[in-house]
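In: Need a 3D model of the following:
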Amino acid sequence: YRDGKRWVSHETMSGMEQALVYMGLGVALAAKSKIKIVVLDEMGILDGMREWMVIERMKALVEAGTISQFVGMTSRIVNDIEGVEMIRR
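Out: Presented below is the predicted three-dimensional model:
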């Protein structure tokens, strides 16, 4: 991305920022695929608010038909979110 006149490459991004960028690129590259499943591990490194924001955004992308399914893994206890199936062990 650009920060003013400076280009900020993916190599300077945090691990989670890189994961989100790679997910977006993967979805873009798979745009014509019938099934698009997005998987994100280690969501627990996000703070609670950002983790919720990612889940809400993935939910919106599923509802819009942009992706087929989202699978996110975290060790944190996440409150139920309407319209989101949570699998807990």
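In: quick one: contacts for Met58?
Out: Met58 sits next to 38, 67, 70, 72 when contact means C-beta atoms under 8 Å, 6 or more residues apart in numbering. The way it works is simple: take the backbone N, C-alpha and C, and place the C-beta from them, glycine included.
In: what pLDDT does the second one get?
Out: Per-residue confidence (pLDDT) for Ile67: 93.
In: quick one on the thing from earlier: and the contacts of Met58, which two are furthest apart?
Out: By the measure C-beta to C-beta, Ile67 and Gly72 form the most distant pair in the contacts of Met58, at 12.1 Å.
In: what are the ranges of the strands in the chain?
Out: For the chain, the strands defined by DSSP state E cover 2-3, 6-7, 37-40, 69-72.
In: Return the helix or strand in the chain with minimum mean pLDDT.
Out: Considering only helices and strands, the least confidently modelled element of the chain by mean pLDDT, DSSP states H and E is strand 2-3, at a mean of 84.
In: For that strand, which strands pair with it and how are they oriented?
Out: Pairing partners of strand 2-3, with direction, according to DSSP bridges: strand 6-7 (antiparallel).
In: what does the strand it pairs with contact?
Out: Strand 6-7 is contacted from outside by Tyr1, using C-beta under 8 Å, 6+ apart.
In: cool, stretch 77-89 as well?
Out: Residues outside stretch 77-89 that contact it (C-beta under 8 Å, 6+ apart): 51-52, 55-56, 59, 63.
In: Would you mark the buried spots in it?
Out: Across stretch 77-89, burial judged by 16 or more other C-beta atoms under 10 Å covers Val78.
In: just use 834 as the starting number from now, easier for me
Out: Sure, I'll start counting at 834 from here, so that last one is stretch 910-922.
In: What's the mean pLDDT across that stretch?
Out: Averaging the model's pLDDT scores along stretch 910-922 yields 81.
In: ok, longest helix in the chain?
Out: Among all segments of the chain classified by DSSP state H, the helix with the greatest residue count is helix 881-897.
In: Buried ones in it, by neighbour count?
Out: If you call a residue buried by 16+ other C-beta under 10 Å, then helix 881-897 has these buried ones: 884, 887-888, 891, 894-895.
In: can I have it written out in PDB, keeping just the CAs?
Out: This file holds the C-alpha atoms of helix 881-897, laid out as PDB (Å, rounded to 0.1, in the frame of the first residue of the first chain):
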ATOM      1  CA  GLY A 881     -10.700  -9.000  20.700                       C
ATOM      2  CA  MET A 882     -12.200  -6.000  18.700                       C
ATOM      3  CA  ARG A 883     -10.200  -6.700  15.600                       C
ATOM      4  CA  GLU A 884     -10.900 -10.400  15.800                       C
ATOM      5  CA  TRP A 885     -14.600  -9.600  15.900                       C
ATOM      6  CA  MET A 886     -14.200  -7.100  12.900                       C
ATOM      7  CA  VAL A 887     -12.500  -9.900  10.800                       C
ATOM      8  CA  ILE A 888     -15.300 -12.300  11.600                       C
ATOM      9  CA  GLU A 889     -18.000  -9.700  10.800                       C
ATOM     10  CA  ARG A 890     -16.300  -8.900   7.500                       C
ATOM     11  CA  MET A 891     -16.000 -12.500   6.500                       C
ATOM     12  CA  LYS A 892     -19.600 -13.000   7.400                       C
ATOM     13  CA  ALA A 893     -20.500 -10.100   5.100                       C
ATOM     14  CA  LEU A 894     -18.400 -11.600   2.300                       C
ATOM     15  CA  VAL A 895     -20.100 -14.900   2.600                       C
ATOM     16  CA  GLU A 896     -23.600 -13.200   2.600                       C
ATOM     17  CA  ALA A 897     -22.600 -11.200  -0.500                       C
END
